[in-house]
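Peer 1: sequence-free structure coming up:
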């Protein structure tokens, strides 16, 4: 049977993702839209025997886009050849802000898509003793209108029935016959010319293509030149016509709204404004923000400690028993020292990532993140960033990859690029073990500076250095990167709401899986390669080195642990990895690095945390509680002897 | 004659001129490029706006509309002409 493609569209904060979660549950996955770093959430579901593929399109205010997200949506909906081009659009609108949310709905309806309009958050609306006349809205839009509340799941069964009805009966009743927006003469003539040129039988789509021809990527060069000449001849003034269309649409919506909604005052908004009097206060606002950040990062380190220890213990136990039961040989070594060690190295970071993303999802869901953007926009502007960059910079405290993904909401190319370049400079959770091991190597334990522990101070200093360096680099890039694009803040401050826990859960799960599967694959592969490089050397160089070291250790009268460490170090020096380090030493010696750090540098190309394991083995620092974490993954792989 | 010039005077007032807590009605937009963005966010002529507060480090305004709350930069606010309510 044919699969039906359904896209969810709507303004940001309309509750689109909640509806998507209801429709697909755990049968969803996140990937990128081809060629862009915009998250593509897809999922599938069987409804009344029909197989349906859902795509959650990024939140969009209008088909006159202002951000990368919105451009993507416009690009998909203007191009029937696009693989995400939907058969049916489920349009999600916040019924409490219906006027503004209907703007995009009328545009989609004019594109002749079959549309189901879903009025979400109906419970809040009714709680404010407002009255809705959905039939009046249906009459105005000419497509089916449903009410839902994604929080309680109300209306979801009806939505599924409607989708099934579309699968069964096709377009009839889902597509409006005549356009809502009437073209002016200029628009009509240009749109008709574009329609003939592209043969796309859709006047409004042709008009949108005329507006956006300079960036739509599916157009041929010859077509773009043609369209440019149509526009020039007809005096088609892009911006002015966009404004005219938007104003006309609003006028129509406003006159219909008087029949659709009867309103009392909103209680939620009053609550939000009162709360914001404290949360975004001139003095309390920043204090609350920094305290919150401090608490979150503090809890990551304290809470993650236990599960991280469990995971390590579990893997070292597995390795231990594996060695007992499996026959000795290189296959066993590969399994335990390469694969298992790599797996442990990945999973050990899962608790930290899980906790941080839990908090970030919470901040996002509740609406607090928008306040952060608003408060810090001016500061960010000074270093060439946008207030929206704050979201990315905070996320990169967990991991730079999702941080870079989150920059898609920044409309201005220059600001987006600078954010992408500086986000990885913020210390991420994987860098903590690197800091810990470096501090253990360089700063004597137990020393103090005044009342403070020196190691602790250095740790904090490194963190602050990371944050400061990202801001300084941003400031420098500000003078090197130029764009004529205008930068905007213009941001909706959604009303505070209790987070929907299933949304938070799904979001965290999604991020965790992405980390384990994407980053994990690379880390494990590198781990296996490293195992090979460090375990084997040219001819029998390793055995010779081990013998020499054993003799020397005996002569020096070292105890068991010390001599094992010395042997281990000598073996590594004689291995392929050691040779590689020696080979590159001349190139890095001006930096003050020796071959040992060279190996660590090479390995850290895979993932920064691998640096730690390598350093731990090379410098053979003993198993003290402080550096236990750092070394364990690599030690498992490199040294059975401890 | 006097009345016309007075009208002009009032029309030049923008959101930027609002004091905290003051209300106004949106009349028109000065800057075409910003207008698209403002319109999409629901700032339409005849809508009522209130300046709720200014950002802690300056530069941005917290605006209350009838149905929603919006943050905008001072430069964006300067492109929205209003009439004091």
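Peer 2: It's in. All values derive from a computational prediction rather than experimental measurement.
Peer 1: got the residues of chain B near chain A?
Peer 2: B:29, B:32-42, B:44-45, B:52-60, B:62, B:64, B:67-73, B:76 (C-beta under 8 Å from any C-beta of the partner chain). Backbone N, C-alpha and C define where each C-beta goes, glycine included.
Peer 1: now those residues: which count as buried?
Peer 2: When burial is judged by neighbour count using 16 or more other C-beta atoms under 10 Å in any protein chain shown, the buried members of the residues of chain B next to chain A are B:29, B:34-42, B:44, B:52-57, B:59-60, B:62, B:64, B:67-73, B:76.
Peer 1: low-scoring pLDDT stretches of the chain, where are they?
Peer 2: All of this refers to chain A. Counting by pLDDT under 70, chain A has low-confidence residues at A:1, A:32, A:34-37, A:265-266, A:605-610, A:612-642.
Peer 1: wrong one, chain B
Peer 2: Residue ranges of chain B with pLDDT under 70: B:1-11.
Peer 1: all strands for it, in order.
Peer 2: Counting by DSSP state E, one finds strands in chain B at the ranges B:23-29, B:48-54, B:60-64, B:69-73, B:80-84.
Peer 1: By proximity to chain A, which residue of chain B wins?
Peer 2: The shortest separation between chain B and chain A is 2.8 Å, found at residue B:59 (distances taken as C-beta to the nearest C-beta).
Peer 1: Count the neighbours of the closest residue to residue B:25 other than its chain neighbours for me.
Peer 2: Here the nearest residue to residue B:25 in space, its sequence neighbours aside, is residue B:83; by C-beta to C-beta, 6 or more residues apart in numbering or on different chains that works out to 5.0 Å. As a burial measure, residue B:83 scores 14 neighbours (other C-beta atoms under 10 Å in any protein chain shown).
Peer 1: Check the gap between residue B:83 and residue A:122 for me.
Peer 2: In this structure, residue B:83 lies at 35 Å from residue A:122, with C-beta to C-beta, to the nearest Å as the measure.
Peer 1: Likewise for residue A:469?
Peer 2: In this structure, residue A:469 lies at 49 Å from residue A:122, with C-beta to C-beta as the measure.
Peer 1: quick one: residue A:112 is in a helix?
Peer 2: No - the assignment for residue A:112 by DSSP: H, G, I helix; E, B strand; the rest coil gives coil, which leaves it out of any helix.
Peer 1: wait, what's in contact with it?
Peer 2: Contacts of residue A:112 were listed using C-beta atoms under 8 Å, 6 or more residues apart in numbering or on different chains, and they are A:175-176, A:202, A:204-205.
Peer 1: ok, now with 6 Å
Peer 2: When the contact criterion is C-beta atoms under 6 Å, 6 or more residues apart in numbering or on different chains, the partners of residue A:112 are A:175, A:202.
Peer 1: Phi, psi for it please.
Peer 2: Backbone torsions of residue A:112, given as degrees, to the nearest 10, read phi 70, psi 30.
Peer 1: do residue A:600 as well
Peer 2: Taking degrees, to the nearest 10, you get phi -60, psi -40 for the backbone angles of residue A:600.
Peer 1: and it, how many neighbours does it have?
Peer 2: 25.
Peer 1: any idea how far it is from residue A:581?
Peer 2: As for residue A:600, its distance to residue A:581 is 8 Å (criterion: C-beta to C-beta).
Peer 1: tell me the contacts of residue 75?
Peer 2: In the absence of a named chain, chain A is used. For residue A:75, the contact set (C-beta under 6 Å, 6+ apart) comprises residue A:216.
Peer 1: again, only using 7 Å
Peer 2: Going by C-beta atoms under 7 Å, 6 or more residues apart in numbering or on different chains, residue A:75 touches A:216-217.
Peer 1: Tell me which of residue A:469 and residue A:122 has more neighbours.
Peer 2: Neighbour comparison, residue A:469 and residue A:122: the larger count goes to residue A:122, with 23 against 14 (by other C-beta under 10 Å).
Peer 1: Hmm, residue A:145 and the more buried one touching each other?
Peer 2: No - the pair residue A:122 / residue A:145 is not scored as a contact, 11.3 Å apart, by C-beta atoms under 7 Å.
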